[in-house]
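Enquirer: need coordinates for the below:
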Amino acid sequence: MSAETGLIIHPDGCPRCWWAGLDPVYVAYHDTEWGVPERDGRALYEKLILDGFQAGLSWITILKRRDGFRRAFDGFDPEAIARYTEDDVARLMNDAGIIRNRAKIVGTIAGARAFLRIEDRGPGFSRFLWDFVEGRPLQGGARSRVEIATETEVSRRISKALKAEGFAFVGPTIVHAFMQAVGLVNDHLVGCHRHPACAALGQDGPDRSR
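Expert: This next block holds a predicted model:
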């Protein structure tokens, strides 16, 4: 790894952001998901919840349990999760395939109900989030890891709005990590091979569909 840039040159010759490391699971996530603009509301809900579960942990810990989370939480179907009862909370607290944190489980249920309220009043959860960046991914220009922020004015505004809607574990730092992951901001380092690819994906312009 270059200490100056935070890039790792992999055996395939591609420079990647330092955090991807050499773990094949992490590298695949970096190369195919992180920073790609996501406009599906349900997928955005899933990622926001998983980022909340990450609080205090590493993302790789969550990533390697993602299938377990999807199984335990009915494929992150907000309508199903919104109907969860204390029996479901107890079931989830006994599920070794997820992070068994009661506050985060309860927060997931509250988030599902908040998601449905936003969907019901229109134009939907995806639009709710993408309007904060006027429908286009913000383009980061960091050339080293020290230039990448942990939170921004935009992540603080989204955090405040999400909390007002009833979401939990959505502080500005968590929200900024979420924004990076779902392509609301392209924070791949400029020298990373994924930076131009994600920048190109952001040229489609505002999406005003539900």
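
Enquirer: per-residue confidence at Thr5?
Expert: According to the prediction, Thr5 has pLDDT 74.

Enquirer: with Gln203 instead?
Expert: Looking at Gln203, the pLDDT reads 79.

Enquirer: what is the neighbour count of Ala149?
Expert: Around Ala149 there are 15 other residues, counting by other Cβ atoms under 10 Å. In short, each C-beta sits where N, CA and C put it, glycine included.

Enquirer: residue closest to the middle of the chain?
Expert: Phe178 (3.2 Å; Cα atoms, centre = their mean).

Enquirer: measure that one to Leu22 for me?
Expert: According to Cβ to Cβ, to the nearest Å, Phe178 and Leu22 sit 25 Å apart.

Enquirer: repeat that for Thr150.
Expert: 24 Å.

Enquirer: please enumerate the helices of the chain.
Expert: Residue ranges of the helices in the chain, as given by DSSP state H, are 24-32, 41-54, 59-63, 66-72, 78-82, 86-93, 102-121, 125-130, 153-165, 172-181, 194-201.

Enquirer: can you count the residues close to Gly56?
Expert: Count around Gly56 with other Cβ under 10 Å applied: 9.

Enquirer: so what pLDDT did it get?
Expert: For Gly56, pLDDT reads 89.

Enquirer: my guess is Phe53 contacts Ile99. True?
Expert: Yes - using Cβ atoms under 8 Å, Phe53 is in contact with Ile99, at 5.1 Å.
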